[in-house]
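In: Predicted structure and sequence below. I'll ask about it afterward.
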Amino acid sequence: MSADCIFCKIVAGDIPAKRLYEDDALIAFHDIRPQAKVHFLIVPKAHIETLKTCTVSHTELLGRMLLLAPKLAAEQGLFGFKTVMHVEREGGQEVFHIHLHVLGGGPVA
Ligand code: AMP
Ligand code: ZN
């Protein structure tokens, strides 16, 4: 846990989020500023700053993040969807705790 990290605070339950999934290693919650009708984030409970800091030791965790996307997307009523992971500010990353965006269902009304 990183003291100033908003996603660590969500994992700890210190900040509310519209959660849709939790297991031993991951949580998922709806994005607070949705860019599509359905837009949620798959987030490891462990604080990992960027994809660039991942090593082979994170292989299983990253695989589980990716494999969770179609399961939760289907539960949200999506047939198809898009996944995005921003890496570093130059890549659009704002929250430095890795997360996979899952978007679908068309533009926000
Ligand atoms: P990124 O640019 O990939 O770092 O994306 C960070 C995402 O986190 C943005 O889409 C934000 O809207 C979202 N976000 C930030 N704070 C919260 C929060 N408290 N609850 C849910 N989503 C959040
Ligand atoms: Zn964190």
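Out: In hand now; what should we look at? Ligands and ions are numbered 1, 2, ... in the order given.
In: by contact count, what packs against the longest strand belonging to the chain?
Out: In the chain, with assignment by DSSP state E, the single longest strand is strand 38-44. Contact here means 3 or more CB pairs under 8 Å, 6 or more residues apart in numbering; DSSP states H and E; on that basis strand 38-44 packs against helix 6-12, strand 26-30, helix 59-75, strand 100-104. Bear in mind the C-beta positions are built from the backbone N, C-alpha and C, glycine included.
In: let's see 10 Å
Out: Other helices and strands packing on strand 38-44, by 3 or more CB pairs under 10 Å, 6 or more residues apart in numbering; DSSP states H and E, are helix 6-12, strand 19-22, strand 26-30, helix 59-75, strand 82-84, strand 100-104.
In: out of the ones you listed, which comes closest to ligand 2?
Out: For ligand 2, the closest of those is helix 6-12, at 3.4 Å, according to CB to the ion.
In: how about the residues of this protein near ligand 2?
Out: Contact residues (CB under 5 Å from the ion) of the chain with ligand 2: 2, 5, 7-8, 47, 97.
In: Distance from the longest strand of the chain to the middle of the chain?
Out: From the chain centre to the centre of strand 38-44 is a distance of 3 Å (CA atoms, centre = their mean, to the nearest Å).
In: got the angle for that strand vs helix 59-75?
Out: Angle, strand 38-44 to helix 59-75, by axes from the mean of the first three to the mean of the last three CA atoms, to 10 degrees: 160 degrees.
In: hmm, stretch 95-109 in reach of ligand 1?
Out: Yes: judged by CB under 6 Å from any ligand atom, stretch 95-109 and ligand 1 are in contact via V95.
In: Next, the distance between the ends of that stretch.
Out: End-to-end distance for stretch 95-109: 25 Å, by CA to CA, to the nearest Å.
In: okay if I get the helices and strands packed on strand 38-44 as a markdown table plus distance to L41?
Out: Converted to a markdown table, those look like this (distance: least, CB to CB, whole Å):
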| stretch | distance to L41 |
| --- | --- |
| helix 6-12 | 8 |
| strand 19-22 | 10 |
| strand 26-30 | 6 |
| helix 59-75 | 10 |
| strand 82-84 | 10 |
| strand 100-104 | 6 |
